[in-house]
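Trainee: Starting from these lines, generate the structure:
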Amino acid sequence: MNKIPAGTFLVPMLLSALLYTLWPNLFSNLGGITNAFLGGSGTNFIIGLICFCSGIGINLKTLGKLFKRHGVLLLVKLVLTVGFGLLFIALFGQSGVFGISALAFIVAICSMNPALYILIVNDFGDEVDKELLV
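Mentor: Numbers count the residues shown, from 1 in each chain. Just a heads-up that it's a prediction; the model follows:
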């Protein structure tokens, strides 16, 4: 897994997608805590836990460096997302095309994957990037 960039994140994610595709009700039959945590009902808990743990790790002293270094990227991403979203709606309407609604398209192009970013920065980032993560 270490030979693949962000492999410690991507390989388990792909394996779990394959497992869920082949056996979608595997964890729902176990019951109890396993069902609550690994079943579909535990998704909100996991998302909340990730947000809470990410918020605890914020170093307020490095926010200035963070906005200076990544603010332009965030602004460009916002402009591109709004532009592509409006173009998609103008071309295909809100119902979309090929089963892809406008909402799904906009969410997909604007979603940020901080876990993947953290893994890539740990492997390939410089000292300033790593300092911003601490």
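Trainee: C-alpha only now, for contacts and for neighbours.
Mentor: Noted.
Trainee: mind pulling up the phi and psi values for I100?
Mentor: phi -100, psi 110 (degrees, to the nearest 10).
Trainee: Give me the buried stretch members for stretch 70-90, please.
Mentor: K77, T81, F84, G85, L86, F88, I89 (16 or more other C-alpha atoms under 10 Å).
Trainee: now the helices for this protein?
Mentor: Along the chain, the segments classed as helices by DSSP state H run 7-22, 32-38, 43-56, 63-92, 102-110, 114-124, 127-133.
Trainee: From Y117, how far off is G64?
Mentor: As for G64, its distance to Y117 is 19 Å (criterion: C-alpha to C-alpha, to the nearest Å).
Trainee: for L18, same thing?
Mentor: 23 Å.
Trainee: next one: I89
Mentor: Per C-alpha to C-alpha, I89 is found 29 Å from Y117.
Trainee: Could you do D123 as well?
Mentor: 10 Å.
Trainee: what's the answer for F105, then?
Mentor: 21 Å.
Trainee: ok, these two, which is more surrounded?
Mentor: Comparing F105 with Y117 by other C-alpha atoms under 10 Å, the one with more neighbours is F105, at 18 against 13.
Trainee: Run through the residues that contact that one.
Mentor: Residues in contact with F105 (C-alpha atoms under 8 Å, 6 or more residues apart in numbering) are G85.
Trainee: 10 Å instead?
Mentor: Counting by C-alpha atoms under 10 Å, 6 or more residues apart in numbering, F105 makes contact with T81, F84, G85, F88, I89, Q94, G96, V97.
Trainee: Settle this for me: the first one is touching L103, isn't it.
Mentor: No. Look at T81 against L103 with C-alpha atoms under 10 Å: they stay out of range, at 11.7 Å.
Trainee: Common neighbours of the two, please.
Mentor: By C-alpha under 10 Å, 6+ apart, no residue touches both T81 and L103.
Trainee: Against V107, how distant is F84?
Mentor: 11 Å.
Trainee: and stretch 105-121, which residues are buried?
Mentor: Within stretch 105-121, judged by 16+ other C-alpha under 10 Å, the buried ones are F105, I106, L116, I118, L119, V121.
Trainee: doesn't F92 make contact with L103?
Mentor: No. Using C-alpha under 10 Å, L103 is not in contact with F92; the gap is 11.8 Å.
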